[in-house]
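Participant: With the sequence up front, the predicted model follows.
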Amino acid sequence: MTIPRGKVVAVMGSSGCGKTTTLRLIGGQLKPTSGEVRVNGQVVNQLDSRGLYDLRRRMGMLFQFGALFTDMSVYDNIAFQMREHTDLPEALIHDLVLMKLHAVGLRGAHDLMPAELSGGMARRVALARAIALDPMLIMYDEPFAGLDPISLSIIGELIRKLNNALGASSIVVTHDVQESLKIVDYVYFVSAGKIVAEGTAEEIKRSTVPYVHQFVWGEADGPVPFQYPSRPYGEELMAGAPRYG
Amino acid sequence: MDNGLLRALRNLGQRVTSRIWRLGYASRFFLATILHSGTALGRINLTIREIYFTGVLSLIIILVSGLFVGMVLGLQGYDTLARYGSTEALGVLVSLSLVRELGPVVAALLFASRAGSAITAEIGMMKATEQLSAMEMMAVDPIARVVAPRFWGGVISMPLLAALFSAMGIFGGYLVGVQLIGVDEGSFWSQMQASVDFRQDILNGVIKSFVFGIIVSWVAVFEGYDAEPTAEGVSGATTRTVVTSSLAILAADFILTAFMFTGT
């Protein structure tokens, strides 16, 4: 799997197939048991903690439910990395924070606390926080999960726009096919930890791989069975209830 | 039967080894917290904020409890001393009990349930909502930024709270003994002054409360950081903080007392 510079790449697959794990491997929060992860030429799993922290300063990550710091205001959330990693004067940080918030359309919400935000707003604030230090790589973990249709397209457009504006690369881990196919350059389909298909949005829509077809068109049964693996139905019913206690 | 016995043995062994493993993990965590304290002590505002949350917000419960404990000591002490006709020693009894034992121990137990549980719940929730993970991804070490300030906030607050507890307790003893029952005010204070030794009594009390502060803060930050990232996990961790640190306080109190007051 390669993520070219300047592109938005989606990693799709059903829940539990290893998508989020992929992001954690890239961020160095997990170590691979075999193989290697390279970011900007550096092998992530061989970096020491200082090297890893240096690399992470150039990455931004949007967590599934935003993961905003609940004890800080929106403003402080976005200023957090600037204050931790730079010696910028507070006046400059103020301008930068408002610029980031303006980019996601929430300049007016800077003094709210995370608990006062709606789901879509929290996601946008988290997005502004992820790009606080103008990263070269932005990772999105399920950016569309649990959003209403309006917030959904706002987030989708922002992902595309911000990637182009920053000249960054983006990885979008998602199972929202329709929304993500609108904005991405390339798609990887993952099932049980393996890439089963890849291609541009058009190629994926026309794909004949059974798993991809089932996924894109949302069919209930197919290569991914409806039933969780179990003993044969008849056998299990005939065996009677186990004795508890 | 053999199978049952074997299974019981295996369970026992597994429990013991997992406890030992956890203790080792907690010790390494403690060491990491100390080593990563640069941020907490360098950017002292972070720690002061935690002193406010753990210390200042615990003031009411500490002060009120101190007052009542002192008042009870005044009543009980008077009753006992009256049998020997030495009620003027009430001030000594109240102040020594508080400064040596009740101040550090009761304040630490209250601190564990008021502030320790809050620290555990806060860190546990931060973990459950991926805030700690997010911080790591922003190249900020959560142990330095979240854990260490809370740890030091607790360690600094504890001796101060224990001192306030003792002071309130002595005042409570004075209210009951002198104002209510009518023990002679002059002998209440002068005997206290004459018999409470700074090094032997007060300093040892402060050392105790400092040790208890380390215990409570360590258990609280560790349980929060180690909590299962679910609602159940955080509630379990909060309970464990109160139970573990209370037991540890009482055990440590026995050991410290055995070394400090050897019956001179």
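Facilitator: Yep, it's here.
Participant: Number of residues surrounding residue 188?
Facilitator: You didn't say which chain, so I picked chain A. One way to gauge burial is a neighbour count; for residue A:188, by other CB atoms under 10 Å in any protein chain shown, it gives 22. All C-beta spots, glycine's among them, are computed from the backbone N, C-alpha and C.
Participant: meant chain B, my bad for not saying
Facilitator: When neighbours are counted by other CB under 10 Å, residue B:188 registers 24.
Participant: you'd agree it is up against residue B:88?
Facilitator: Yes: here residue B:188 reaches residue B:88: they are 7.0 Å apart, a contact under CB atoms under 8 Å.
Participant: And the lengthiest helix in chain A, what's buried?
Facilitator: In chain A, ranked by residue count with DSSP state H as the criterion, the top helix is helix A:149-166. Buried residues in helix A:149-166, defined by neighbour count with 16 or more other CB atoms under 10 Å in any protein chain shown: A:151, A:152, A:154, A:155, A:156, A:158, A:159, A:160, A:162, A:163, A:166.
Participant: could you dump the helix or strand just after that helix to CSV, C-alpha only?
Facilitator: Along the chain past helix A:149-166, the next helix or strand (assigned with DSSP states H and E) turns out to be strand A:169-174. What follows is the C-alpha trace of strand A:169-174 in CSV, where atoms were taken according to Å, rounded to 0.1, in the frame of the first residue of the first chain:
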residue,chain,number,x,y,z
SER,A,169,-1.3,13.7,1.8
SER,A,170,-4.5,12.3,3.4
ILE,A,171,-5.5,8.9,4.4
VAL,A,172,-9.2,8.4,5.1
VAL,A,173,-10.2,5.3,6.9
THR,A,174,-13.9,4.8,6.4
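Participant: Now do the contacts for the residue lying closest to residue B:49 once chain neighbours are set aside.
Facilitator: Nearest residue to residue B:49, sequence neighbours excluded (CB to CB, 6 or more residues apart in numbering or on different chains): residue B:149, at 7.3 Å. Counting by CB atoms under 8 Å, 6 or more residues apart in numbering or on different chains, residue B:149 touches B:39, B:40, B:46, B:47, B:49, B:50.
Participant: picking up where we left off before, who are the packing partners of the longest helix of chain A?
Facilitator: strand A:8-12, helix A:90-103, helix A:119-130, strand A:137-141, strand A:169-174, helix A:177-183 (3 or more CB pairs under 8 Å, 6 or more residues apart in numbering or on different chains; DSSP states H and E).
Participant: Just the ones of the contacts of residue B:149 in helices?
Facilitator: Secondary structure defined by DSSP H assigns B:39, B:40, B:46, B:47, B:49, B:50 of these to helices.
Participant: In chain B, mark out all the helices, start to finish.
Facilitator: Across chain B, reading from the start of the chain, the helices by DSSP H fall at B:2-35, B:38-42, B:44-50, B:59-83, B:90-96, B:103-111, B:117-128, B:131-137, B:142, B:148-174, B:185-195, B:204-226, B:231-260.
Participant: Can I get those in CSV including distance to residue A:9 and mean pLDDT?
Facilitator: Converted to CSV, the helices of chain B look like this (distance: least, CB to CB, whole Å; pLDDT from 0 to 100):
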stretch, distance to residue A:9, mean pLDDT
helix B:2-35, 36, 92
helix B:38-42, 36, 84
helix B:44-50, 38, 92
helix B:59-83, 54, 95
helix B:90-96, 72, 93
helix B:103-111, 51, 96
helix B:117-128, 29, 94
helix B:131-137, 19, 90
helix B:142, 29, 92
helix B:148-174, 38, 96
helix B:185-195, 76, 92
helix B:204-226, 34, 95
helix B:231-260, 34, 94
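Participant: Tell me which of the ones you listed approaches residue A:229 most closely.
Facilitator: Put simply, out of the helices of chain B the one that sits nearest residue A:229 is helix B:231-260, at 26.6 Å, with distance taken as CB to CB.
Participant: Quick check: buried residues in the closest one?
Facilitator: Under the neighbour-count rule (16+ other CB under 10 Å), helix B:231-260 has B:234, B:236-238, B:240-242, B:244-246, B:248-249, B:252-253, B:256 buried.
Participant: same question, stretch A:171-185
Facilitator: For stretch A:171-185, the buried set under the neighbour-count rule, 16+ other CB under 10 Å, comprises A:171-177, A:179-181, A:183-185.
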